[in-house]
Each structure stands twice: as C-alpha cells, then as structure tokens.
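**Student:** A structural model of the following input is requested.
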Amino acid sequence: VAVRLALDRLPRGGSFAIRARRSGTHPYSSQDLAKALGRRVQDAIPGATVDLDGPAAEIHVEVRENRAYVFADIVDGPGGLPMGSQGRALAVVDSEAALVSAWLAMKRGCRVTVAAPDGSGAHEPLRRWDVHLKVLSWGPDSDLQELVRVSRSEAVFLGARVGEIAPEKPALDVPVFHPAVGLDDARLKGLVDRIRGG
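**Tutor:** The predicted structure follows:
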C-alpha cells in the first residue's frame with residue numbers, strides 16, 4: 001500500500017520520506033519499518049531519493065497492534081478535545097457568528113450536526129474540520145426540538161451576539177449555548193478566517 005501511495009504521489013526521481021510510528025509490541029522498531037518501506041519505494045520508483053528534511057512527498061505509516069494505517073495527508077482538527085468525546089450537539093449555522101459557534105463546539109469535543117438554510121453554504125467551511133459533518137435543513141418553519149431529537153443532540157449551539165439573544169428562550173429539553181456572544185468583531189473575523197482556511 002505504501003508503494004502504491006508513493007507511485008501516486010512521488011514524481012519520477014523525486015525525494016520522499018517514510019514517517020513510521022507504532023504502538024504495541026513488535027519485533028521491529030519504527031526506524032526499521034521506515035527503512036524497509038523506503039527500500040521498497042526505491043525499488044519501485046527508479047531515481048527516488050530519501051530526504052528526511054524536505055521531501056517532495058511524505059508517506060505516513062502507523063502500526064497499531066496488528067493493523068497498519070498508511071496515509072499521505074494529515075488533516076488538522078480544530079484543536080482542543082477529541083471530537084465526539086463530549087457528546088453530540090446541534091448547531092444552527094445561519095451566520096458567521098453561528099459558524100464560529102459550531103466550530104467552537106467542535107473544539108470543545110462535541111460531535112456537531114449542523115442545521116443550515118438550504119442552499120446557503122454557510123456550513124461548508126466546517127467540512128474542512130469534520131469530513132463526516134451531518135447537515136439538516138433549517139428554515140423559518142423548522143422545529144428546533146425536533147432537530148435535536150433527530151440528531152440525538154445533548155446541546156444546542158447558536159450564533160447570537162451581544163444584544164441579539166431573544167428574551168424568550170426556545171423551549172428545549174437540552175441546554176442552549178451562545179459561545180460567540182462575547183466576541184468582538186476583530187476576534188470573530190479572525191476565527192472566521194481560521195475556519196475558512198485563510
């Protein structure tokens with residue numbers, strides 16, 4: 001698998017590095033694994049050279065007990081707690097502040113389901129952070145409690161800012177959070193840029 005990935009990623013005569021890690025007990029070290037795979041790549045791709053400092057392509061191999069995971073790209077999450085470790089949450093994403101609120105929920109370890117207006121695309125930047133993001137339709141006639149039930153959420157995240165929180169709160173069976181409420185415009189814009197990859 002590592003050789004096939006190298007064939008796809010490595011230009012003829014290009015440089016590469018095998019980044020090997022392992023957990024558990026094995027009769028070889030991570031360095032032994034990297035060297036063996038490196039030799040196989042060099043046998044399959046004439047002129048390929050090893051460059052551990054600035055390779056044209058990196059192949060990552062993680063061995064955990066009796067399984068191996070081979071990949072070329074590492075996708076950063078939002079940081080914070082592992083996604084899903086703090087339960088499920090529903091985030092209504094209909095503005096930039098709501099986008100930030102959903103992302104902050106992810107950062108706090110929530111597995112977020114998004115409720116977004118059809119065709120708005122407001123939630124799309126979140127796919128960069130969760131490739132399995134679930135999206136439900138949100139509109140003026142949507143029943144928030146029903147969306148909470150369908151998504152099996154334990155909390156709701158909204159994008160209200162100072163002065164925007166309605167005095168009448170939605171009647172829900174779960175807590176409602178407004179993490180963007182105290183953010184000034186500059187901080188909000190900075191987070192939006194980060195979420196969008198800018």
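
**Student:** quick one, domains of the chain?
**Tutor:** 2-71, 88-196 (automatic domain parsing).

**Student:** with adjacent residues omitted, what lies nearest to the most centrally placed residue in the chain?
**Tutor:** Among the residues of the chain, residue 129 comes closest to the average C-alpha position under CA atoms, centre = their mean, at 2.7 Å. Nearest residue to residue 129, sequence neighbours excluded (CB to CB, 6 or more residues apart in numbering): residue 78, at 5.3 Å. For every residue, glycine as well, the C-beta is placed using N, CA and C.

**Student:** now do residue 90
**Tutor:** residue 153 (4.0 Å).

**Student:** quick one: contacts for the residue nearest to the centre of the chain?
**Tutor:** 77, 78, 103, 106, 195 (CB atoms under 8 Å, 6 or more residues apart in numbering).

**Student:** any regions of the chain where pLDDT drops low?
**Tutor:** 76-77, 162-170, 198 (pLDDT under 70).

**Student:** which residues of it fall in helices?
**Tutor:** 2-9, 30-44, 96-107, 144-151, 185-196 (DSSP state H).

**Student:** go through the ones you listed and pick out the most buried.
**Tutor:** Ranked by mean neighbour count, the helices of the chain are led by helix 96-107 with a mean of 25 (mean count of other CB atoms under 10 Å).
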